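[1] Fold the following and give me the result.
(one chain, ligands or ions: 1)
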Amino acid sequence: MTFCRAMTMSAPRLDLSPTLWQSMVAHLRRQGAGVRESGGFFLGETRPERRVATRFLPYEQLQRDALNADFVQLSAASFGRLWDYCAQQKIGVVADVHTHRFGAGQSLSDSENPMVAIAGHIALIVPHFAQGSIRLPDVGLYVYQGAHRWQRFRGDAVVQVLTLREELRA
Ligand SMILES: [Zn+2]
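    Model (predicted):
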């Protein structure tokens, strides 16, 4: 039985503290200033049944001009810095997040160019450049399946994957 369970990939789950969530939204709101996309990586630990985000790394900290184009772009060198940082800190990328001007649907570019092209990777999209009040059902949550396919969670389904846990507060 244990063998069977180990062979079945459990649904990806992502946990983070409400404080980390709020500070991420506030950062993206400030950085985008209502006029441009902004984003970053959630870093943390991968446990057998869930990932736990412990910090947020904004894209502009990896690459100063990451937000200058119409959409967020990271160079290969920036990914090199990201992997070095993760190795030093003994943490990993547990999700990425970026904002859109309007809704929380994926663009063609988003679906064709996952930030981390590994099945199970979680990508979040925050609508309205993170302006105003952003609740979990407002965001789009996408789980990469490989081969440019994604499982989509929208509205109330977002909480099937993403949980804000008070006890994770540092
Ligand atoms: Zn996008």
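
[2] Low-confidence ranges, this protein, go.
    Applying pLDDT under 70 to the chain flags the ranges 1-11, 70, 169-170.

[3] Close to the ion: what parts of this protein are there?
    Contact residues, the chain versus the ion (Cβ under 5 Å from the ion): Ser107, Asp110. In this view, the C-beta of every residue, glycine as well, is placed from N, C-alpha and C.

[4] can you give me the strands for the chain?
    14-16, 39-46, 51-58, 92-99, 122-126, 140-146, 149-154, 162-164 (DSSP state E).

[5] and the spatially most central residue of the chain, what does it touch?
    In the chain, the centroid-proximal residue (Cα atoms, centre = their mean) is Asp96; its distance is 2.4 Å. Taking Cβ atoms under 8 Å, 6 or more residues apart in numbering as the criterion, Asp96 is in contact with Gly39, Gly40, Phe41, Phe42, Met115, Val116, His121, Ile122, Ala123, Leu124.

[6] Against Leu108, how distant is the third one?
    When you say that, I think you mean Phe41. For Phe41, the distance to Leu108 equals 22 Å [Cβ to Cβ, to the nearest Å].

[7] Run a quick neighbour tally on the residue in the chain that the ion sits nearest to.
    Closest to the ion within the chain is Asp110: 4.1 Å, counting by Cβ to the ion. Asp110 has 20 neighbours, counted by other Cβ atoms under 10 Å.

[8] That one is in contact with Ile125, isn't it?
    Yes. In this structure Asp110 lies within contact range of Ile125 using Cβ atoms under 8 Å: 7.2 Å.

[9] got any residues that touch both of the two?
    Common contacts of Asp110 and Ile125 (Cβ under 8 Å, 6+ apart): Tyr142.

[10] For Ser109, list the residues it contacts.
    Phe71.

[11] ranges for the helices of this structure?
    Assigned by DSSP state H, the chain shows helices spanning 2-7, 18-32, 59-62, 76-89, 108-112.

[12] For the nearest residue to Val35 once chain neighbours are set aside, give me its contacts.
    Leaving aside its sequence neighbours, Val35 sits nearest to Phe129 (Cβ to Cβ, 6 or more residues apart in numbering; 7.2 Å). Neighbour list for Phe129: Leu28, Arg29, Gly32, Ala33, Gly34, Val35, Arg36, Glu37, Ser38, Thr99, His100, Arg101 [criterion: Cβ under 8 Å, 6+ apart].

[13] Right, I'll call it a day here.
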